Each structure stands twice: as C-alpha cells, then as structure tokens.
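Trainee: Pasted the sequence and its predicted model underneath.
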Amino acid sequence: MRKWIEAMRLRTLPVSISGVLAGIACAMMGIDFSLVPALLCLLFAILAQIASNFANEYYDFRNGVDRKGREGFRRGVTEGDITPAAMKYATFGTLAAAAVVGCLMLFYGSWWMVPIGLCIGLFALAYSAGPYPLSHHGLGDVAVVIFFGIVPVTLTCYLQQGDWRELWLSLPISVAVGLLAANVLIVNNCRDEDDDRTVGKRTTVVIFGRRAMGWVYLFSGIVAMGIVFYMLRWIYPVSAVIAAIYLAMHFHTWRKLVSGSGAALNPVLGATARNLLVFTLLLFAVAILCYSNFFI
C-alpha cells in the first residue's frame with residue numbers, strides 16, 4: 001500500500017484541489033454555492049490527477065525515460081516495487097472511476113461537458129504517452145495552465161451556478177491558478193534536469209535552462225498575484241493581504257529553488273504546491289465572507 005501511495009504523489013495533489021477550491025470561491029463571490037456538484041468536481045479532479053501520475057510512471061518506464069536511483073521521488077515501476085501491468089490497470093481503472101464521477105456531473109451541467117471530459121482524460125495520458133508526449137517536448141507547462149487552472153476553475157464555477165455569469169471573474173482567476181500550478185512543474189523539472197537531459201526528455205528547463213525557468217517561476221507568481229489583486233480590488237485591503245501573504249511565501253520558495261538542485265528540491269516541490277493551496281484557501285475564506293454578505 002505504501003508503494004501505491006507514493007505513486008499517487010500526494011504532495012502534488014494540492015494542485016488539483018486548488019483549482020476546484022478557486023472555482024467554488026468564484027461562484028460564492030457571485031452568491032452561489034451547491035455542495036454536491038462541488039464535491040463531484042473535487043473528486044473528479046483528484047482522480048484525474050492520480051490517473052495522470054500513474055500514467056506518468058507507466059509510460060515513462062515503458063519509453064525508457066526513467067532510471068533507477070533518479071533524483072526525484074521513488075518510482076515504483078522503475079524500481080521494481082510495482083509491476084508495469086499493475087500500474088497500467090491502475091491507470092485506466094482510475095480514469096474509469098473519474099469518468100463515472102464525470103457522468104454524475106452531467107446532472108448539473110450540459111452535454112458539451114462530455115467532450116471536455118474526454119479531453120481531460122486524453123491529457124492525463126498524453127502528458128506522458130502517445131507519439132508526441134507533451135512533457136517530453138516542452139508543452140507540459142502550457143498543458144498544466146490549461147488543465148489545472150483554466151478548466152477546473154471555470155467549469156467548477158459553472159457547475160455551481162448553471163451558467164457563465166461569473167466568467168468575468170473565474171477566467172482571470174483560473175489563469176492565475178494555472179500559472180501557480182505550472183510553478184510546481186517547473187520545480188519538478190529543475191530537480192530532474194540532469195536525468196531528463198540524459199534520456200532526451202526536452203522539458204522547458206532542458207530547453208531554456210534552470211536560470212531562465214527560475215525567473216519564469218518568480219514572475220509567474222508575481223503576475224498571478226497582480227491578476228488576483230486587480231480582480232478583487234473592490235475588497236481592498238483584503239486583496240492586498242492575500243497577495244502579500246502569497247508573495248512572502250513565494251519569494252522564500254524561489255530563493256530555495258535557485259540555490260538548490262537535485263533531490264534537495266523535493267521539499268521545494270512540496271512547498272510550491274503548499275503555497276498554491278494556501279492561496280486558494282485564503283481566496284476561499286474571502287469567498288465565504290462574500291457569501292455571507294460580510295462586505296456589504
């Protein structure tokens with residue numbers, strides 16, 4: 001069981017949880033909240049990310065881009081703790097469970113969510129699999145912004161309300177969440193740079209270098225907080241407090257990113273995911289106050 005829990009990469013799950021929490025927060029700021037679709041969105045996001053993590057282990061092993069003793073977290077399939085067949089079944093089994101949850105979400109949404117759900121499932125696989133794996137060609141960061149930011153935030157907000165009336169808020173916030181989520185991937189790729197370069201895996205860190213992506217990490221956080229501050233300026237100074245708290249954590253984590261390497265970046269990876277979760281929890285707290293008419 002411990003090996004399977006490691007394969008789930010629980011330290012990164014705040015990334016998927018945060019997108020849903022931010023979507024709920026946007027809906028609550030519009031004075032809307034519905035518990036059941038909110039829980040379905042949360043469960044779907046967690047299952048989809050776990051499926052993606054399982055697929056990453058299986059297909060990276062099958063494609064020969066993982067090796068024993070790598071700098072990152074222990075890979076169960078590569079190290080021989082989990083058989084490739086078991087990981088393959090776990091990948092598609094978890095995707096199937098996510099699909100069931102997605103079908104339940106249709107009771108609160110519309111038919112067009114079916115192709116979006118299929119795209120999410122394809123992304124979970126295409127990140128590491130297929131003839132052109134996204135993570136091997138510098139496209140992983142863009143995919144994370146879309147599927148861990150824009151998609152979960154806007155769709156969760158939509159399912160809470162049944163329409164797009166809060167899109168003016170949820171779309172900018174979704175971009176901010178996506179940028180912060182992509183920072184988690186940047187840390188992951190900085191840690192694995194040497195391993196990835198050796199096996200020909202061309203992440204953005206391999207393509208542009210650690211120094212450049214370190215600056216991208218820093219400015220992504222600043223830009224994200226600029227978006228949040230502008231969109232929530234009507235509740236100043238609360239918006240300024242949220243931005244200030246996040247940026248204080250962000251600068252601290254960035255300094256550790258640019259000064260560390262290899263396995264020493266594992267705590268930075270967890271801290272970056274934690275920063276994102278703290279931000280969304282602060283946003284969620286503000287949304288609860290809006291929902292209770294505290295600011296009126």
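Mentor: Thanks, I have the structure now.
Trainee: Run the chain-centre distance for the helix or strand harbouring residue 270.
Mentor: Under the criterion of DSSP states H and E, residue 270 resides in helix 266-291. Chain-centre distance of helix 266-291: 12 Å, with Cα atoms, centre = their mean, to the nearest Å.
Trainee: and if you look at stretch 150-159?
Mentor: 13 Å.
Trainee: cool, stretch 141-160 as well?
Mentor: 9 Å.
Trainee: before we move on, the earlier item: helices or strands next to the helix holding residue 270 in the packing?
Mentor: helix 13-29, helix 167-191, helix 210-231, helix 238-259 (3 or more Cβ pairs under 8 Å, 6 or more residues apart in numbering; DSSP states H and E). Heads up, the C-betas are built off the backbone N, CA and C, glycines and all.
Trainee: Recalculate using a threshold of 6 Å.
Mentor: helix 13-29, helix 167-191, helix 238-259 (3 or more Cβ pairs under 6 Å, 6 or more residues apart in numbering; DSSP states H and E).
Trainee: List of residues touching the last one?
Mentor: It stands for helix 238-259. 214, 217-218, 221, 225, 229, 232-233, 268, 271-272, 275, 279, 282, 286 (Cβ atoms under 6 Å, 6 or more residues apart in numbering).
Trainee: quick one: that helix to helix 210-231, angle?
Mentor: With axes from the mean of the first three to the mean of the last three Cα atoms, to 10 degrees applied, the angle from helix 238-259 to helix 210-231 works out at 180 degrees.
Trainee: Just the C-alpha atoms of helix 238-259, please, in PDB.
Mentor: The C-alpha trace of helix 238-259 is given here as PDB (Å, rounded to 0.1, in the frame of the first residue of the first chain):
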ATOM      1  CA  VAL A 238      -8.200  42.100   1.700                       C
ATOM      2  CA  SER A 239      -7.000  41.600  -1.800                       C
ATOM      3  CA  ALA A 240      -3.600  43.200  -0.900                       C
ATOM      4  CA  VAL A 241      -3.300  40.900   2.200                       C
ATOM      5  CA  ILE A 242      -3.900  37.800   0.100                       C
ATOM      6  CA  ALA A 243      -1.300  38.900  -2.500                       C
ATOM      7  CA  ALA A 244       1.200  39.900   0.200                       C
ATOM      8  CA  ILE A 245       0.900  36.600   2.100                       C
ATOM      9  CA  TYR A 246       1.400  34.500  -1.000                       C
ATOM     10  CA  LEU A 247       4.300  36.600  -2.300                       C
ATOM     11  CA  ALA A 248       6.100  36.300   1.000                       C
ATOM     12  CA  MET A 249       6.000  32.500   0.800                       C
ATOM     13  CA  HIS A 250       6.700  32.700  -3.000                       C
ATOM     14  CA  PHE A 251       9.900  34.700  -2.600                       C
ATOM     15  CA  HIS A 252      11.100  32.300   0.100                       C
ATOM     16  CA  THR A 253      10.500  29.300  -2.000                       C
ATOM     17  CA  TRP A 254      12.000  30.900  -5.100                       C
ATOM     18  CA  ARG A 255      15.300  31.500  -3.200                       C
ATOM     19  CA  LYS A 256      15.400  27.800  -2.300                       C
ATOM     20  CA  LEU A 257      14.700  26.900  -5.900                       C
ATOM     21  CA  VAL A 258      17.600  28.900  -7.400                       C
ATOM     22  CA  SER A 259      20.000  27.800  -4.700                       C
END
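Trainee: buried stuff in it?
Mentor: Neighbour-count burial for helix 238-259 flags 238, 239, 242, 243, 246, 247, 249, 250, 253, 254, 257, 258 (criterion: 16 or more other Cβ atoms under 10 Å).
Trainee: Perfect, I'm done here.
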